[in-house]
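In: Coordinates for the following, if possible.
(3 chains)
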Amino acid sequence: MTALVLDIVTTAAILFAVASGLLIILGVLKIVNFAHGGFLTIGGYSGLVVTQLGWNAWLAYPAAVVAGIVMGAVVERFVIRPLYDRPLDAILATWGLGIIIGQLITIVFGREIQFVQTPITGATSVLGETYSLYRLFLILAAAAVAGGIAALLNATRLGLEARAVIMNEPLARGLGINSGHVRFVTFCIGAGLASLAGALITPLSSVDPNMGVPWLVNAFMLVLVSSVSLASLATAALTLGGAQVLVSTFISPVIGGLTIVVLAALLLRIRPAGFGHG
Amino acid sequence: MADLTTTPATLPRRAISGRLVPAGSIAGLCIVAVVAGPYFLDSYTVNILVRSFLYAATALTVDILWGYAGILTFGQAAFFGIGAYAAGIAFTYMDFSPQTAVLALLAGLAVSAVVAFITGWISFFHGASPLYVAIVTLALPIILVQVLYSGGTFTGSSSGLVGYNTFDLSVEAWFTICGIGLVVLTTAAWFFVNSDFGRLLIAIRENEQRCTYLGINAPRVKILLMVVMAMIASVAGYAYAGYTVVVAPEIGSFVFGTELVMWVALGGRGTLIGPVLGTIAIDVISAYLSGNLPYVWKLIIGSIFVVVIVALPQGIVPVLKTGLRRLWSAATRRDAAPYVAVPALIEAPEGRRAGTGSDAPALNVADLACAYGSLKVLEGVAFKALGSELLGIIGPNGAGKTTLMRCLSDGYERTGGTVAVFGHTIARTPPQGVVGLGIGRSFQTTSLFETLTVAESLRLARYRLDGTRMLSHAPTLALPDSARRVITATGLDRQLAIECRHLSHGMKRALELAMVLALEPSVLLLDEPTAGLTKPERTLIGSILVDLVRREGLCTLIIEHDLDFVREISTRIIVLHQGKVLLDGSVAEVVGSELVRTIYAGGAHREPAP
Amino acid sequence: MSPTVLDIADLSSGYGEAVVLRNVSLSIRPGEIFALLGKNGMGKSTLLKTVLGFLPAKRGRIKLFGEDVTGLPTHLIARKAIAYTPQEQTLFQDLTVEDNLRLGLRDDRGFAEGLARVSEYFPIVGKRLSQKAGTLSGGEQKMLIVCRALLGSPRLMLIDEISEGLQPSMIQRLTEILLAERKRTGTAIFVVEQNVPFAFSMADRYAVLKIGEIADDGVAGDELAAARVQDQLRV
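Out: Residues are numbered from 1 along each chain as shown, chains lettered A, B, ... in the order given. As a prediction, this is how the structure comes out:
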């Protein structure tokens, strides 16, 4: 029972961390970044590079963030900006980018599955059950990500401007806010977050050039159901992630993999705002 | 009945034979090429091309859905996979025979149709975003693949089904069959998208909302289209399974689904030929190059794809076509103007207006309320309107005038109260249904279809009453008297072949009015019909409107800011202020009202200057 | 100081193909209060939107403080010492009063001082800092956007139909504040209105916009002028 609850909470935490970057990009730029999977992969491979260089495994996380931000800056400038008023095309172009990133990584690192050094290993005892220490760490990591984003949005000038752009871009521009700049910075942060999430999840399995793809679809569905609200994303991660764990445990893992997609599609049909408010 | 032919009678007839001959000859040539192919090409290429033809057929369905109807779908791969697995499973477990072959084909068609119907029903609803259908269609192949994995040995799980008995045909025979099939499909598709119905699809892509206000049940059209395209993809998959004797989850995967979209984008979305040729070209080149440089090739394709989306959204083939056309007209010094079919205008049969002979008032609004969250835009609005009334709706900005029009024409908009048209309440009917009750609404910002001609736009407005052809252009266009009067009075009858985006602003407003009248409404809702017009244009439209109300007995509601204009043409005026009806009375009453003057010109209060 | 704060020459603009403004020319001098009057749909808001760069000018030229700003992106125009109170979509409904005010300045420098100043004008604003702007009444929201505009001590204020829906006492207060601000900083004010008495109670000069063109202009001096303009705007 405890293990099940912990599974649900850790799964929710992971899903939240993975989807957060996609959410802020959707909120501010109003586009869906289908290269998100590619950024996740970049984060994973940053971890691999750190391992191969023999550095401290904890450095994988900052390395991932830096790699993500740099890639994000390039992508925003050359792909996202020209597609400002063509959101469906932005999905396609970012999907193409995801392919490019995957192929580049394959060329540089090879196709095989590789393993990355974890900074935390082993298990610990929680209420009588032994549970992976790393998974518990992920709960902390997700909370830190949530806290960081919230702090950025609510306590900084950039965050205020971002919130203004999310709510009403023309009004924001009329008050002197350079919405193009806000979009650029937000995209970089979103890419950095995606990359960080990639580094966070690799110790759970491994890295391969297409590791980001399965996460992309789930993250995408969660973000749509959250209607641009961090709180709703957390709720969505908990409910839909929980449903996934339950289905995987009691019915079948294969069907479990579909839970989020199916439930989210149905929920959006009934209530287009999902977990958020209009 | 007077035949108001404005174009030579011979022209429409040439339109049809004018297309059949060139299209037929090109198709014929292609068939000859396909039959001759195996004699000129090496067997490896022939082998690849069979597969490419089937992919191209599937890409064609993606182009019709996306390029023409605007439905971005990643799901056609799923239907391909369903067709393929229907064959694979049938031939593996029931052995091969003519009966199982037919059974498998029908099973694939049936399952695809049902899945497509459910997908369409989920995705195309009132207020759905185009993003939602992209999501659902993305989920389809994912779900299919997982179902296949979980099927264990029955479906062959991740390795699939191999080596079953199949049709006893040589590679060359398959080549010929699939090639001819592709040519026939492409030709039929070409006639389809270049028919009146094809223009309807494009209209739905450009401005679906406007289509619903013309009485077109856009969701139903899209669902039907999805079902038919799914069935075609299923047949392609069936042939694929019969030919390659292997069915594996990859052929129904979302990677394949996104590849299809990529090929269509690269070839040129909305061109039919582009996706077909593009798919064949890319597939053949991939087959040759992927042996040597597998990852680099995918990298190249991915990069070209991104560049095309960003810089050349119409795709590669259209760019080539434009270039070729320029070279051709430079060489021959002639302008190759595309042919445009112009129908002859005829009179529409009488007596199809809703509510004729009914005793109930044309419009009966009771306790109407509309709120967005806590913001109350309309509150307690109530009035009755009869035929032969021209109701001017005036009020300061933000008073709720356009919201009122929305609530009268769309059953989903209001949050409280009732609206009844000739006694029928509109309940929660979407706009296409409210049009059926007799309401015709024009829009404040001209909401026309950019690439459609004047004639095609008018035909759209007649879809609900006259239907439309699926494989050709009808030679005539029936319009009611009122619409024809607007067209002739404003000179639109001489501009039937002009695309809407090239019309002047005044002409656009005239066309908007004509389209609404073509619906044969009983209640006209006009939202600022004279906005942005010059004085002479305004006078013209005004006289047309007054004429209409007197002759046809149409109940008309008109929102206007030009108060002189409203005063001249109205029989009654309703003043809205902060969402409530301030005054409802004759023109004289409203003009003479102190209250109205206060809210408009700011005041009986004369503040002393500081 | 440049001879004009705002100089519009031969301006034509509109939405898409529609031409709403035709060959409009006017100029506003430093410290002047200029009223642009006209009925609904005559192009007043379109003029302000074009000045701010929300709409591209089809013809003509706009100069702010002597600098040609025609065609500049909105956010750059908005950063020149001007303040704009739009007619619609004026506030971020879900942000607090304080956050809305903060956005009236480019950064937080001078916010405390500015807040103290505008709170004196409208004490209510100072008391409701942490409330969401959308929960304020219509009149209070208008006061809020005036406060936001005054925070940065602009040299030109562009005010779009602010008196609409306000009670007479509020209108009186607004007039007092705008005149006081003009006295304090020498700011010019471009008032776009349908409310003739309100406009004339402050304005030095006026113009009337009719179907996109200037139909009348002059000094906003006497009762006669006011009555004549009132007539032109009659229902």
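
In: Low-confidence regions, chain C specifically.
Out: For chain C, the stretches flagged by pLDDT under 70 are C:1-2, C:40-41, C:234-235.

In: Going along the chain, name the helices of it.
Out: For chain C, applying DSSP state H gives helices covering C:44-51, C:74-78, C:97-102, C:111-121, C:123-127, C:138-151, C:168-185, C:196-202, C:223-232.

In: Which of the ones you listed sits closest to chain A?
Out: Of all the helices of chain C, helix C:74-78 sits nearest to chain A, with 4.0 Å by Cβ to the nearest Cβ. (C-beta placed from N, C-alpha, C; glycine too.)

In: Make TSV out of the helices of chain C and add distance to chain B.
Out: Shown next, in TSV, are these (distance: least, Cβ to the nearest Cβ, whole Å):
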stretch	distance to chain B
helix C:44-51	8
helix C:74-78	20
helix C:97-102	17
helix C:111-121	15
helix C:123-127	20
helix C:138-151	8
helix C:168-185	5
helix C:196-202	5
helix C:223-232	6
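
In: and stretch C:69-77, which residues are buried?
Out: C:69-70, C:72, C:74-75, C:77 (16 or more other Cβ atoms under 10 Å in any protein chain shown).

In: can you tell me which of the residues you listed are up against chain A?
Out: C:74-75 (Cβ under 8 Å from any Cβ of the partner chain).

In: State the pair within the buried residues of stretch C:69-77 that is farthest apart.
Out: C:70 and C:75 (15.7 Å; Cβ to Cβ).

In: Could you pull up the residues touching the residue nearest the centre of chain C?
Out: The centroid of chain C falls nearest to residue C:159 when counting by Cα atoms, centre = their mean (1.4 Å). If you count contacts by Cβ atoms under 8 Å, 6 or more residues apart in numbering or on different chains, residue C:159 has them with C:85, C:146, C:149, C:178, C:189-192.

In: what about the lengthiest helix in chain A, distance to the chain center?
Out: Scanning chain A for the longest helix, with DSSP H as the assignment, gives helix A:2-29. Chain-centre distance of helix A:2-29: 7 Å, with Cα atoms, centre = their mean, to the nearest Å.

In: Give me the helices and strands touching it, please.
Out: helix A:36-53, strand A:129-132, helix A:133-155, helix A:157-167, helix A:179-201, helix A:212-226, helix A:230-250 (3 or more Cβ pairs under 8 Å, 6 or more residues apart in numbering or on different chains; DSSP states H and E).

In: Show me which residues of that helix are buried.
Out: So for helix A:2-29, counting by 16+ other Cβ under 10 Å, buried means A:6-29.

In: do the same with stretch C:9-23
Out: For stretch C:9-23, by 16+ other Cβ under 10 Å, it's C:11-14, C:17-22.

In: Looking at these, spot the one nearest chain B.
Out: residue C:18 (3.1 Å).

In: you'd agree the closest one is up against residue B:505?
Out: Yes - Residue C:18 lies in contact with residue B:505 (Cβ atoms under 8 Å); the separation is 4.7 Å.

In: what's next to stretch B:214-221, contact-wise?
Out: With Cβ under 8 Å, 6+ apart as the test, stretch B:214-221 has contacts from B:120, B:124-126, B:200-201, B:203-204, B:208, B:211-212, B:432, B:435-436, B:460-461, B:463-464, B:515, B:519.

In: could you measure residue B:426 against residue B:409, distance?
Out: 8 Å (Cβ to Cβ, to the nearest Å).

In: go on, residue A:33?
Out: Taking Cβ to Cβ, one finds residue A:33 at 37 Å from residue B:409.

In: Neighbour count: the two, which is higher?
Out: residue A:33 (33 against 24; other Cβ atoms under 10 Å in any protein chain shown).

In: quick one: stretch C:16-23 near chain B?
Out: Yes - Stretch C:16-23 is in contact with chain B by Cβ under 8 Å from any Cβ, via C:16-20.

In: Dump that stretch to CSV, keeping only the CA atoms.
Out: The C-alpha trace of stretch C:16-23 is given here as CSV (Å, rounded to 0.1, in the frame of the first residue of the first chain):
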residue,chain,number,x,y,z
GLY,C,16,-7.6,45.5,-43.2
GLU,C,17,-9.0,47.1,-46.4
ALA,C,18,-11.3,49.5,-44.6
VAL,C,19,-10.1,53.1,-44.4
VAL,C,20,-11.4,54.6,-41.2
LEU,C,21,-9.2,57.7,-41.0
ARG,C,22,-8.6,59.9,-43.9
ASN,C,23,-5.9,62.6,-44.1
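
In: That one vs chain A: in contact?
Out: No - Stretch C:16-23 stays clear of chain A (Cβ under 8 Å from any Cβ), getting no nearer than 15.1 Å.

In: Then stretch B:368-381?
Out: Yes - counting by Cβ under 8 Å from any Cβ, chain A is contacted by stretch B:368-381 at residue B:373.

In: next one: that stretch to chain centre, how far?
Out: 32 Å.

In: Span of that stretch from start to end?
Out: 5 Å (Cα to Cα, to the nearest Å).

In: tell me which residues in it are buried?
Out: For stretch B:368-381, by 16+ other Cβ under 10 Å, it's B:368-370, B:376-379, B:381.

In: In strands, which of these appear?
Out: Of those, the ones assigned to strands by DSSP state E are B:368-370, B:376-379, B:381.

In: Out of those residues, which is nearest to chain C?
Out: The closest of those, once distances to chain C are taken by Cβ to the nearest Cβ, is residue B:376, at 11.2 Å.

In: Could you check how far the nearest residue to residue B:533 once chain neighbours are set aside is from residue B:531?
Out: Setting aside the residues directly before and after it, residue B:533 is nearest to residue B:506 in space (Cβ to Cβ, 6 or more residues apart in numbering or on different chains), at 5.3 Å. Distance check for residue B:506 against residue B:531: by Cβ to Cβ, it reads 11 Å.
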